[in-house]
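Student: Kindly generate the corresponding structure for this input.
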Amino acid sequence: MLNIINLTKTFNPGTSYELRIFNDFNLHINKGECTGILGANGCGKTTLFNIISGVLRQEKGTVSLNGKIIDNLKENERARFIGRVHQNPSAGVSPSLTILENISLSDKKCQKFTLRKLINKQKIESYREILKTLDLGLENKLNTEVKYLSGGQRQSLSLLMATMNKPELLLLDEHTAALDPKTSRLVMEKTQELIKSYNITTMMISHNVRDAVKYSDRIIMLDKGEIILDVRSGQITEKELLNIYNSRNYGSPLQEAV
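Tutor: Below you'll find the model as predicted:
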C-alpha cells in the first residue's frame, strides 16, 4: 500500500550542523491497517510524516502509495488522498470560521471555489449526519466559531474533517498528546471507530504505550532513523514495549498506562 524505498534525508547538508535522519530507510505499510509509530524525540517520526505528506523532500529514495510514486507531488496535491491530524487541536481547523464553514472547506479540499460559494446548502443535512457520529452535539452548533470549542471537540472535528472524504492514508501525529487523559481516551475511541468504519490505512505517532497496543494492528519503534522493532500489537505487552524503549537509554518520554 505505502512503500518507502531507500529513503535518505539530511538536514543542513554540508554544514557543521549536518544531521542525517534517514539513510537508505525502507518501510512497507499494509492496506487497511493501523500502524503505531513509537520512538524518542528526534528519532525521525515527524520527519517521516512530513516526507510522506510532502512538507519535506528527501534527497534520495522513493515514496509510493498504491503503486503510484508520489515524490513529485506537492503537499496540497497529496492532500487529495492523504489526511493528517496534528498534535495541536487548532492546527487542523480554522478557529475563526464556523463548524459548518470548516467542514465545507474540508469537503472542497483541493477544489477551486470562492468564499461566496463555500457552503453548499444541499449538503448541510449530510454534514449534520456526519457530525452526529462524534456524539458531541456539534451537529447542533453548525454556526458556532471553532475557537469556542474545547480542545477535544476541535481535535474530534479535525479528525472528522481528515477522514470524511475517505483518504487512502491517514497520518495521526500525536493527535491526543495535548489533551487530558479522559478526553484523549474519548478521541482515541472516535479515531478507532472512524478508521475501522472507513477502512482507512493509518499511521499513528504516539508516546502512549497503551494506545499503541490497544488501537494499533502493528507497532514500529524507531531509533535514530532506523527500525529497531516491528511487531504485531497482539504479540507484545505494554511492559515489554517500555523495557525495550528504556534499554535504549532514552530517559522515559513514553507514557505508561494510566
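
Student: So which elements touch whichever strand or helix holds N3?
Tutor: Per DSSP states H and E: N3 is located in strand 2-11. Here strand 2-11 is seen to pack against strand 19-29, helix 45-53, strand 60-65 when contacts are counted using 3 or more Cβ pairs under 8 Å, 6 or more residues apart in numbering; DSSP states H and E. (Each C-beta comes from the backbone N, C-alpha and C, glycine too.)

Student: can we see that at 7 Å?
Tutor: strand 19-29, strand 60-65 (3 or more Cβ pairs under 7 Å, 6 or more residues apart in numbering; DSSP states H and E).

Student: Output those in CSV, with distance to K141 and mean pLDDT appended to each entry.
Tutor: Below are the helices and strands packed on strand 2-11 laid out as CSV (distance: least, Cβ to Cβ, whole Å; pLDDT from 0 to 100):
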stretch, distance to K141, mean pLDDT
strand 19-29, 36, 97
strand 60-65, 35, 98
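
Student: Give the partner strands of the strand holding N3 in its sheet and their orientations.
Tutor: Strand 2-11 pairs in its sheet with strand 19-29 (antiparallel), strand 60-65 (antiparallel), by DSSP bridges.

Student: Can you give the contact residues for it?
Tutor: Strand 2-11 has contacts (Cβ atoms under 7 Å, 6 or more residues apart in numbering) with 18-29, 47, 51, 56, 58-65, 169, 201.

Student: out of those, which are buried?
Tutor: Those of those that meet the buried threshold are 21-22, 25, 27, 29, 47, 51, 56, 58, 61, 63, 65, 169, 201, by 16 or more other Cβ atoms under 10 Å.

Student: I'd like the average pLDDT over stretch 124-143.
Tutor: Across stretch 124-143, pLDDT averages out at 94.

Student: how long is that stretch from one end to the other?
Tutor: Across stretch 124-143, the terminal residues are separated by 11 Å (Cα to Cα, to the nearest Å).

Student: go on, stretch 217-237?
Tutor: Start-to-end, stretch 217-237 (Cα to Cα) is 13 Å.

Student: Off-centre distance for it?
Tutor: Distance of stretch 217-237 from the chain centroid (Cα atoms, centre = their mean, to the nearest Å) equals 17 Å.

Student: do stretch 60-73 as well
Tutor: From the chain centre to the centre of stretch 60-73 is a distance of 18 Å (Cα atoms, centre = their mean).

Student: Also stretch 70-86?
Tutor: Distance, stretch centre to chain centre, for stretch 70-86: 12 Å (Cα atoms, centre = their mean).

Student: rewinding a little: for N72, which of the helices and strands packed on strand 2-11 is the nearest?
Tutor: For the helices and strands packed on strand 2-11, proximity to N72 was assessed by Cβ to Cβ; strand 60-65 is nearest, at 10.3 Å.

Student: right, and the helix or strand after the closest one?
Tutor: Heading C-terminal from strand 60-65, the first helix or strand you meet, by DSSP H and E, is strand 68-69.
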